[in-house]
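[1] A structural model of the following input is requested.
(3 chains)
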Amino acid sequence: MAVLATEAPEESPFTELTGHLTPHHYGWAPHWEIGGIDLSPTNAVVNIWLAALLCVAIFWIAARKRALVPQGIQNVVEVLVDFVKVNIVYSVMNTKDGRNWFPFIGTVFFFIFFMNAVGLVPYIGFTPTANIFVTATMALMVYLLAVAIGMARNGPLKFWVKTLVPPDVPKVMLPLMIPIEIISQLARPLSLAVRLFANMLADHLMLLVFAGFIFLAAGSAAIFGILPISVAFMVIFTAFALFVAFIQAVIFAFLTTIYINDALHPGH
Amino acid sequence: MSSFVLLATEAAEGEGGFNPFDPEFGLVVWTGVAFLTVLYLLAKKVFPKLQEGLADRERKIADEIKAAEKTRAEAEKILADYKSRVAAAREETTGMIEEARAAAEKVRQELIARAEGDARLIVDKARKQLSGERERILSELEGSLAEWSTNIAAQIVQKELTPDSHRDLVEGFIADVRKSEAAKS
Amino acid sequence: MSFTTLAQEAATGMTDKGLQQLGAGLAIGLAAGGGATGIGILWSKGLEGIGRQPEARGTLQGLMFVGFALAEAQVLYGLIVALLLLLGIF
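    Down below sits the predicted model:
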């Protein structure tokens, strides 16, 4: 297999292509730095803004024009809102909690979904959720909120006792069970963050690997076989990536609902 | 494709290749800020409006359904009224027809009965007349037969018989005739 | 890394990098095998359930997709470990 001729021979095209999965600075953008933290608008930051903007804009449009029979974008948004309400919130919570928490869970769902999906926009797209720091921030915010709510509702001591001491377990087992419960609590934000990150990263890694095959084969006769196969695979996988973007947002929102419900009613 | 490569090289040069675990604390801040902003805007401004809109629509639909149900109930009431009226009219008509039929039947029965009575009367009268006539004829015959036979017998056996014994003989003969007549009828 | 250098290394013996790559391959390979088994069982049971109770199809399908995503995530944990090994972070 021939390596791309213009590049240094020890650099494989995969190394460069996968560079797309790391945020990079635009040449024209200003450099902002506060307290030693680089806040300049990299492509990841711009895509976070884009996701937030899309999230708000779509709902603004949907909520502004009220029609008896919804049409177009309003219909789509209402179907999605209804999906979140029925299949995620009310499938876990009771009606009273569901009504209180639906705005939060809805926001989590749509923000995550748009962050997952903006990466599929050609050229400007970068998936913010393919970065572990973005997903970890989301997961930690959700988890800490759940813990805070649980402590505020039940009192700190009662909350932690009810959460960490499983009911109906003989006292002899407690020294074994409590560490397990602590680990499972710690694993919650970690798994939430890593699951979303790994899924989004894997999709784009897959696309880039198949794009890399084209660069590898460039300049040799193998290109005629590799090119159509790679392109076909990338098209299929882009559709799959959209599906994964949706389902991972569902999973994230679903687990958020479960964690918050656990915090509201610990020890069940 | 060239711009793609260019972008790739730029990225590789700028950030030193692929490493998804590179610390990006700027992203932490931006994610937090963006999420909280979106949460504020959506939860405080948009979702209540959306819920309100949905509730509004639900109320509107419920109202319309209620109104439609009211109209339907009214229509059903009117329909029931009409139906009961039609049924009453039909019943009345049936009653009238029934009555008329019964009256006609009665008249027919009466006529038949009267005709039968008349006929029987006539037949009875005729029969009575006939039997009276027969009685009369028979009694007439009785008398004249005695005379005739006496006369005939006198003529035949004038010399041998006295009128008394003669009479006995004829009367015995008539009694025989009578008996045979009674047996015949 | 071209195939020729790989071949040279294979001829000369094991290197740290080679072991890392071997570990990465094993990590993602075993994770994918486990995940595939899990997803296979999940869908087979789910389809059985739908076959037995076609009216529960909607509910089951939703739950199957959730389970699918959760099982797939386990594979991707393997992918993360593979990447960590390949990049020499640990």
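[2] and for the helix or strand hosting residue A:159, what are the contacting residues?
    Assigned by DSSP states H and E, residue A:159 falls within helix A:156-164. Helix A:156-164 is contacted from outside by A:147, A:150-151, A:153-154, A:178, A:181-182, A:185, A:262-263, A:266-267, using Cβ atoms under 8 Å, 6 or more residues apart in numbering or on different chains. The C-beta positions use only the backbone N, C-alpha and C, and glycine is treated the same way.
[3] what's near enough to touch residue A:134?
    Residue A:134 makes contact with A:44, A:48, A:115, A:128, A:197, B:27-28, B:31, according to Cβ under 8 Å, 6+ apart.
[4] can you pull out the helices in chain C?
    Ranges of helices in chain C, per DSSP state H, are C:3-12, C:16-52, C:57-86.
[5] residues in chain C within reach of chain B, list them.
    By Cβ under 8 Å from any Cβ of the partner chain, the residues of chain C that approach chain B are C:83-84, C:87, C:89.
[6] quick one: which of those is most hemmed in?
    Within those, residue C:83 tops the neighbour count with 22 neighbours, counted by other Cβ atoms under 10 Å in any protein chain shown.
[7] if I read this right, it contacts residue A:202, doesn't it?
    No - the criterion here is Cβ atoms under 8 Å, and residue C:83 misses it with residue A:202 at 9.6 Å.
[8] Nearest residue to the middle of chain C?
    What sits nearest the mean C-alpha location of chain C, by Cα atoms, centre = their mean, is residue C:32, with 2.3 Å.
[9] What segments of the chain are helices?
    Here I'm looking at chain A. A:13-17, A:43-64, A:72-83, A:95-118, A:132-154, A:156-164, A:174-217, A:223-264.
[10] not quite, I wanted chain B
    Remark: helices assigned in chain B by DSSP H are B:2-15, B:25-40, B:47-156, B:163-184.
[11] my read: residue A:210 touches residue A:233, true?
    Yes - Residue A:210 lies in contact with residue A:233 (Cβ under 8 Å); the separation is 5.1 Å.
[12] near chain C, which residues of the stretch 51-200 of chain A?
    Within reach of chain C by Cβ under 8 Å from any Cβ, the stretch 51-200 of chain A has these residues: A:87, A:191, A:194-195, A:197-199.
[13] what about 7 Å?
    Contact residues, the stretch 51-200 of chain A versus chain C (Cβ under 7 Å from any Cβ of the partner chain): A:87, A:194-195, A:198-199.
[14] hmm, which of these are the buried ones?
    By neighbour count, with 16 or more other Cβ atoms under 10 Å in any protein chain shown, these hold A:87, A:194-195, A:198-199 as buried.
[15] Serialize the residues you listed to JSON lines and add fields for pLDDT.
    Shown next, in JSON lines, are those (pLDDT from 0 to 100):
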{"residue": "A:87", "pLDDT": "84"}
{"residue": "A:194", "pLDDT": "90"}
{"residue": "A:195", "pLDDT": "90"}
{"residue": "A:198", "pLDDT": "90"}
{"residue": "A:199", "pLDDT": "89"}
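[16] For those, give me TSV that also has distance to residue A:158.
    TSV is the format used below for these (distance: Cβ to Cβ, whole Å):
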residue	distance to residue A:158
A:87	32
A:194	31
A:195	30
A:198	36
A:199	36
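[17] the bottom helix or strand of chain A by mean pLDDT?
    None of the helices or strands of chain A scores lower by mean pLDDT, DSSP states H and E than helix A:13-17, at a mean of 72.
[18] Tell me the backbone dihedrals of residue A:127, please.
    When read as degrees, to the nearest 10, the backbone of residue A:127 gives phi -90, psi 110.
[19] measure it to residue B:140 for me?
    Here residue A:127 is placed at a distance of 149 Å from residue B:140 (Cβ to Cβ, to the nearest Å).
[20] now swap in residue C:39 and tell me
    Relative to residue B:140, residue C:39 is positioned 137 Å away (Cβ to Cβ).
[21] do the least confident helix or strand of chain A and chain B meet?
    Yes - for helix A:13-17, a contact with chain B is found by Cβ under 7 Å from any Cβ, at A:15-17.
[22] If any of these are buried, put those into a PyMOL selection.
    Selection of buried members from the residues of helix A:13-17 next to chain B for PyMOL, criterion 16+ other Cβ under 10 Å:
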select buried, chain A and resi 15+16+17
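[23] which of the residues of helix A:13-17 next to chain B lies closest to chain B?
    residue A:16 (4.1 Å; Cβ to the nearest Cβ).
[24] tell me the mean pLDDT over stretch B:153-164?
    Mean pLDDT, stretch B:153-164: 69.
[25] What's the end-to-end length of that stretch?
    13 Å (Cα to Cα, to the nearest Å).
[26] Looking at residue A:210 and residue A:233, which is more packed in?
    It is residue A:210, of residue A:210 and residue A:233, that has more neighbours when counted by other Cβ under 10 Å, with 19 against 16.
[27] now the residue nearest to residue B:171 when sequence neighbours are not counted: how far from chain A?
    Once flanking residues are discounted, residue B:171 sits nearest to residue B:146: 7.6 Å by Cβ to Cβ, 6 or more residues apart in numbering or on different chains. According to Cβ to the nearest Cβ, to the nearest Å, residue B:146 stands 128 Å off from chain A.
[28] pLDDT at residue B:146, what is it?
    Per-residue pLDDT puts residue B:146 at 82.
[29] wouldn't it be in contact with residue B:174 here?
    Yes - between residue B:146 and residue B:174 there is a contact at 6.1 Å, judged by Cβ atoms under 7 Å.
[30] so where's chain B uncertain?
    Applying pLDDT under 70 to chain B flags the ranges B:1-18, B:158-163, B:185.
[31] 90 instead?
    B:1-31, B:33-34, B:37-61, B:134-185 (pLDDT under 90).
[32] who touches residue A:181 in this structure?
    A:164, A:166 (Cβ atoms under 7 Å, 6 or more residues apart in numbering or on different chains).
[33] Next, count neighbours for residue 74.
    No chain in the question, so chain A it is. With other Cβ under 10 Å as criterion, residue A:74 counts 20.
[34] try again with chain C
    Counted with other Cβ under 10 Å, residue C:74 comes out at 17.
[35] Could I get the pLDDT score of it?
    Looking at residue C:74, its pLDDT is 87.
[36] what's the answer for residue A:137, then?
    92.
[37] Find the residue closest to it in space, skipping its chain neighbours.
    Excluding the flanking residues, the one nearest residue A:137 by Cβ to Cβ, 6+ apart is residue B:31, at 4.2 Å.
[38] before we move on, what about residue A:198?
    Distances taken as Cβ to Cβ, 6+ apart put residue C:76 closest to residue A:198, at 3.4 Å, once the chain neighbours are dropped.
[39] give me every residue that touches that neighbour.
    If a contact means Cβ under 7 Å, 6+ apart, then residue C:76 has A:198-199, A:202 as its contacts.
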